[in-house]
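In: dropping a prediction and its sequence here:
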Amino acid sequence: RLRNIGFEFDLGGAVWWEERWDAQYDKLLAYKEAHGDCNVTEDRDTDLAKWVQNQRRYHKRDTLSDEHAERLRNIGFEFDLGGAVWWEERWDAQYDKLLAYKEAHGDCNVTEDRDTDLAKWVQNQRRYHKRDTLSDEHAERLRNIGF
């Protein structure tokens, strides 16, 4: 019956995978143009951030094709970010943006129409706090500014 309605059982496997990879790569190029790097975070683009994480994971496991690895290297993609150091630098940068926002607006209630990236970061901090996964240091820093 599925054949009768045009259902395709084989989507071309490798062809579909390459098309998806190329589409995500193109999104990464646009992201780099807009943000200056390839370090996509989930608060900016969840789908692309997961794809980027997978590329790093595949590279680490030596399952990323040479062609894909080379294409990523050619645009300045970093396979090893130094883990926690990069994450802390990113967190600190967003925290500084939040301080500036509070100075300008009097609160920490960032809306997406004012700053989409910062609003998503703030939402994530609240979610991490609710799940008890926000570090004590980060929670205290946020409390100290009336978050």
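Out: In hand now; what should we look at? Numbers count the residues shown, from 1 in each chain.
In: got the contact list for the residue sitting nearest the centre point of the chain?
Out: Nearest to the mean C-alpha position of the chain, by CA atoms, centre = their mean, lies residue 41 at 2.0 Å. Residue 41 sits next to 49, 90 when contact means CB atoms under 8 Å, 6 or more residues apart in numbering. Where C-beta positions appear, they are placed from N, C-alpha and C, glycine not excepted.
In: show the pLDDT at it.
Out: Looking at residue 41, its pLDDT is 82.
In: over to residue 80?
Out: At residue 80, the predicted lDDT confidence score is 82.
In: what helix or strand is it located in?
Out: Counting by DSSP states H and E, residue 80 is held by no secondary-structure element, helix or strand.
In: give me the low-pLDDT residue ranges for this structure?
Out: Residues of the chain that meet the criterion pLDDT under 70 lie in 1-4, 6-14, 82-86.
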